[in-house]
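Novice: how does the following fold in three dimensions:
(one chain, ligands or ions: 1)
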Amino acid sequence: MNTANAYLTVAGINVDVVYKNIKNMHISVYPPIGRVRVAAPDRLDEDAIRLAVVQRLPWIKKQREQLQTAERQSQREMVTGESHYVWGQRLRLKLIDVAGRPHIDAVGSKLQLSVPPGMDDAHRRKLLESWYRKQIKVALPPLIEKWEAIIGLKVNAWTVRRMKTKWGSCNPDSASLWFNIELAKKHPGCLEYIVVHEMTHFRERTHNDRFVELMDKHLPNWRATRDELNGAPLAEEDWS
Ligand SMILES: [Zn+2]
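Specialist: Got it, this is the predicted structure:
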């Protein structure tokens with residue numbers, strides 16, 4: 001069985017291709033951000049895969065919309081006892097009434113939200129959001145510094161933002177990086193993987209063989225981390 005992978009970008013969507021000894025192509029969309037993976041018959045032409053993905057774009061977009069709807073519906077109430085993930089660990093939210101400035105502290109298995117009584121859930125969510133952003137802003141500089149030295153290039157600017165369909169992105173021309181704020185909920189290795197992935201794009205813009213070679217050299221375990229970020233498929237479909 002051929003286990004070689006290809007990484008395509010089709011209509012702005014990143015597609016992982018896994019070649020297998022199968023007859024029909026098989027496409028999967030993975031939560032939480034709608035990652036697309038194609039299992040393709042061995043030796044199938046890359047153009048044929050591209051064409052097939054283009055033909056499935058309406059289906060892919062529908063799956064991604066469903067993911068976003070599900071995310072909105074599962075919006076947290078921000079009440080004591082609720083679970084929230086921080087760097088891959090599940091913490092229990094604990095609301096504490098304070099008169100002063102609202103703040104958040106991770107203490108053991110608790111995520112303590114100290115807020116004035118009566119602060120509504122939307123404000124509590126906003127507070128947690130900026131706390132997550134701060135976690136990444138603290139974690140990023142040493143990681144970027146480390147990989148600047150290893151890869152041998154400079155990052156000019158980086159930003160943490162909410163992104164619907166990507167964990168990270170980059171602009172090699174301006175040496176800029178963007179990180180999904182959701183990475184603060186994942187194991188720290190995930191943030192490092194995105195740092196290395198995006199910085200490797202400064203060398204190779206597409207997910208070509210050379211890109212994969214560099215990733216293997218930098219982070220031999222990157223596939224496991226990628227799979228952790230991609231999770232289990234939301235929806236799958238076969239076509240011939
Ligand atoms: Zn990429």
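Novice: can you give me the helices in the protein?
Specialist: 46-55, 57-73, 121-151, 188-200, 209-218, 222-230 (DSSP state H).
Novice: quick one: closest of these to residue 96.
Specialist: helix 121-151 (11.7 Å; CB to CB). The way it works is simple: take the backbone N, C-alpha and C, and place the C-beta from them, glycine included.
Novice: could you find the closest non-adjacent residue to the residue of the chain positioned farthest from its centre?
Specialist: Within the chain, the residue lying farthest from the chain centre (CA atoms, centre = their mean) is residue 99, at 36.5 Å. Closest residue in space to residue 99, ignoring its immediate chain neighbours: residue 116 at 6.2 Å, by CB to CB, 6 or more residues apart in numbering.
Novice: in the protein, which helix or strand is least confident?
Specialist: strand 235-239 (a mean of 66; mean pLDDT, DSSP states H and E).
Novice: how much space separates the residue nearest to residue 99 from residue 76?
Specialist: 19 Å (CB to CB, to the nearest Å).
Novice: cool, and residue 205?
Specialist: 37 Å.
Novice: what sits against residue 84?
Specialist: By CB atoms under 8 Å, 6 or more residues apart in numbering, the residues touching residue 84 are 76, 90-93, 111, 128, 185.
Novice: looking at those residues, which is nearest residue 200?
Specialist: Distances from residue 200 to the contacts of residue 84, taken by CB to CB, are shortest for residue 185, at 23.5 Å.
Novice: give me the nearest residue to the closest one, chain neighbours excluded.
Specialist: With CB to CB, 6+ apart, the residue lying closest to residue 185 is residue 85, at 4.0 Å.
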